[in-house]
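Colleague: this one's sequence-less:
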Ligand code: IYR
């Protein structure tokens with residue numbers, strides 16, 4: 001394949017070092033206030049907010065620029081309910097049979113169980129799919145490079161975009177999630193990556209009293 005033409009690029013911001021550090025600090029401070037929530041309000045969220053957040057997600061870097069992701073945003077109450085019923089069936093299997101004791105022990109402090117009322121209550125569910133492979137015009141499989149990493153990065157941007165728009169999320173991963181292909185009409189070259197629950201945190205929302213690792217524990221500098 002021919003190489004892409006090259007076009008000039010300039011970062012839209014040109015900051016003095018001090019201003020850069022200050023903006024970086026402000027962003028980190030804002031993200032530090034993000035919490036995963038399980039208690040959602042049913043307060044509606046305009047579709048335009050979800051659209052713009054997905055637009056931000058779609059700017060993620062991806063292997064060979066293949067952009068191997070697809071987002072299905074669901075606000076339809078019947079469809080949300082069908083997702084809930086299918087997710088709870090998988091979760092019941094998980095909690096009662098599939099999960100190893102060690103995994104259940106790790107989850108115990110979070111108090112999660114197979115009941116997923118938030119799938120009905122939250123105004124939006126965003127199902128994120130990654131392409132395992134693509135199909136060209138002749139139906140031949142085309143390889144996708146780093147689809148998990150690419151889609152994971154896109155999800156990080158999505159979560160950050162929603163947080164800064166005043167919304168809360170829950171990164172929900174019912175397993176297996178194959179039912180999402182069926183309910184949402186996605187082809188079988190796409191695998192569900194996660195189900196992001198999106199909305200306003202409930203007024204009486206509570207979150208576990210957990211801490212993030214100290215900075216020194218997550219980073220080293222070699223200068
Ligand atoms: N998918 C299950 C179990 C679960 C797994 C992890 I890892 C969590 O951090 C939380 C829950 C559920 O959603 O309940």
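Modeller: Arrived safely. As the structure is a prediction and not an experimental result, all values here were calculated from the model.

Colleague: Which stretches in this protein count as helices?
Modeller: Secondary structure of the chain (DSSP state H): helices located at 17-32, 47-57, 77-93, 101-107, 118-121, 147-164, 179-184, 215-218.

Colleague: The fourth one: how far from the chain's middle?
Modeller: Remark: helix 101-107 is offset 23 Å from the chain centroid, using CA atoms, centre = their mean, to the nearest Å.

Colleague: thinking again about what came up before, got the helices of the chain as TSV, with distance to residue 67 and mean pLDDT columns?
Modeller: From N, CA and C alone the C-beta is placed, and that goes for glycine too. Formatted as TSV, these follow (distance: least, CB to CB, whole Å; pLDDT from 0 to 100):
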stretch	distance to residue 67	mean pLDDT
helix 17-32	24	98
helix 47-57	10	99
helix 77-93	25	97
helix 101-107	33	96
helix 118-121	27	98
helix 147-164	7	98
helix 179-184	19	98
helix 215-218	29	98
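
Colleague: Adding distance to the ligand and mean neighbour count, write the ones you listed out as CSV.
Modeller: Shown next, in CSV, are these (distance: least, CB to the nearest ligand atom, whole Å; neighbours: other CB atoms under 10 Å):
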stretch, distance to the ligand, mean neighbour count
helix 17-32, 19, 10
helix 47-57, 21, 17
helix 77-93, 5, 16
helix 101-107, 5, 10
helix 118-121, 10, 19
helix 147-164, 14, 20
helix 179-184, 13, 18
helix 215-218, 18, 8
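
Colleague: Can you tell me which of those is nearest to residue 39?
Modeller: Evaluated over the helices of the chain, closeness to residue 39 peaks at helix 118-121, with 7.5 Å, by CB to CB.
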